[in-house]
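*Asks:* 3D, please:
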Amino acid sequence: MTLSTISIVLFAALLHALWNAFVKAADDRLAILGLISVGHVILGIILSVLHPIPAVESWPFIVGSTVIHFAYYFLLYHSYRLGDLSHVYPIARGMSPVLVALGAQVFAGETLPPAAWAGVLLASTGIFMMAGDVFRGATPPVVVLTALATGAMIAAYSLVDGMGVRAAQTSLGYVGWLFIAEVFTATFIIARVGKGMLTLSRKTLLLGLFGGLVSTTAYGLVIYVKAIAPLGMVSTLRETSVVFAALIGMLWLGERPWKLRLAASIVVATGVVILGVSAI
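*Replies:* Numbers count the residues shown, from 1 in each chain. Just a heads-up that it's a prediction; the model follows:
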């Protein structure tokens, strides 16, 4: 990985934390998720017009990723309905780097050097630290289990899309059709909200559509880098979004405590530095 690709993924991490904060802060989280999916579809259509259709070999990956993303949105909605952003987000994201690195080794034949594995494990440890005392019984078990299930979906679609974009022969074409396929998720969510979509405030509509733009940009950048860089490294760098999410949770949503999250951020940053040095 080069410094430029590392910078791209870190910027995507900031954007990812931002749209998750939109979902948590919204009055109607299900409607916001539906609008975000609509934003994905719109930008997907634009990308598909501007770029070639992905190779046939990548189509099964698009289908698989679409199904996994549906489960991810379902679990994400219930996670934020039940728990705080700064608790749910680190649990969901903390397990992803290790699972993706292991999956990439098994399914994509990618073997990380020892230094890179040290960075991955250290960053994941720091990410889990940000969850605070949720594993000591302070948070209902259903919140922890839902967040862990969300993390498993994150690892699954990260691996599937990493392999799919390499088979597609066009990174942005793959991203475009992946987002178009999200029309099924958008339709399902909007149908569940029903007539409530017609009474949403202008603020909620704009927030949802803007969240879709931010979300598509974040994931599009990550998929682009996955085409040229090891999946485990990309996944770990992307999950630095927990640092941004912790700051957003404290400064915007007023979530506490802050000392443990600051210490955990330093651990994550150390892991990322080790990972970055091993990748250059």
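*Asks:* any idea how far residue 59 is from residue 234?
*Replies:* 22 Å (CB to CB, to the nearest Å). For glycine as for every other residue, the C-beta is placed from the backbone atoms N, C-alpha and C.
*Asks:* More neighbours: which of those two?
*Replies:* residue 234 (30 against 17; other CB atoms under 10 Å).
*Asks:* so what secondary structure elements neighbour the helix or strand where residue 19 lies?
*Replies:* Assigned by DSSP states H and E, residue 19 belongs to helix 3-25. Where contact means 3 or more CB pairs under 8 Å, 6 or more residues apart in numbering; DSSP states H and E, helix 3-25 is packed against helix 29-50, helix 59-82, helix 85-94, helix 202-226, helix 231-238, helix 241-251.
*Asks:* what's the neighbour count on residue 37?
*Replies:* 27.
*Asks:* Model confidence score at it, please.
*Replies:* Per-residue confidence (pLDDT) for residue 37: 86.
*Asks:* so how far is residue 65 from residue 166?
*Replies:* 13 Å.
*Asks:* Pick out whichever of these two has more residues nearby.
*Replies:* Neighbour tally, residue 166 and residue 65, criterion other CB under 10 Å: the higher count belongs to residue 65, 26 against 18.
*Asks:* Report the contact partners of that one.
*Replies:* 157, 160, 161, 164, 178, 181 (CB atoms under 8 Å, 6 or more residues apart in numbering).
*Asks:* can you pick the most crowded of those residues?
*Replies:* residue 178 (31 neighbours).
*Asks:* what's near enough to touch that one?
*Replies:* Counted by CB under 8 Å, 6+ apart, residue 178 has contacts 44, 62, 65, 66, 161, 164, 223.
*Asks:* Could you dump those residues into TSV with distance to residue 267 and pLDDT added?
*Replies:* Compiled in TSV, the contacts of residue 178 are given as follows (distance: CB to CB, whole Å; pLDDT from 0 to 100):
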residue	distance to residue 267	pLDDT
44	36	93
62	36	95
65	31	94
66	35	93
161	27	92
164	32	94
223	27	87
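*Asks:* can you give me the helices for the stretch 51-200 of the chain?
*Replies:* 59-82, 85-94, 96-107, 114-129, 141-168, 171-180, 183-193 (DSSP state H, counting those that start in this stretch).
*Asks:* which parts of the first one are buried?
*Replies:* It refers to helix 59-82. 59, 61-62, 64-66, 68-80, 82 (16 or more other CB atoms under 10 Å).
*Asks:* Same question for the fifth one.
*Replies:* Of the residues in helix 141-168, 143-144, 146-147, 149-168 count as buried by neighbour count, 16+ other CB under 10 Å.
*Asks:* Looking at residue 21 now. What's its pLDDT?
*Replies:* At residue 21, pLDDT is 74.
*Asks:* Excluding chain neighbours, what is closest to it?
*Replies:* Spatial nearest neighbour of residue 21, excluding adjacent residues (CB to CB, 6 or more residues apart in numbering): residue 248 at 4.6 Å.
*Asks:* ok, the one you found touching residue 17?
*Replies:* Yes: with contacts counted by CB atoms under 8 Å, residue 248 reaches residue 17, the gap being 5.9 Å.
*Asks:* now, which of the contacts of residue 65 sits nearest residue 105?
*Replies:* Checking those against residue 105 by CB to CB gives residue 160 as the nearest, at 15.4 Å.
*Asks:* Could I get the pLDDT score of residue 183?
*Replies:* 92.
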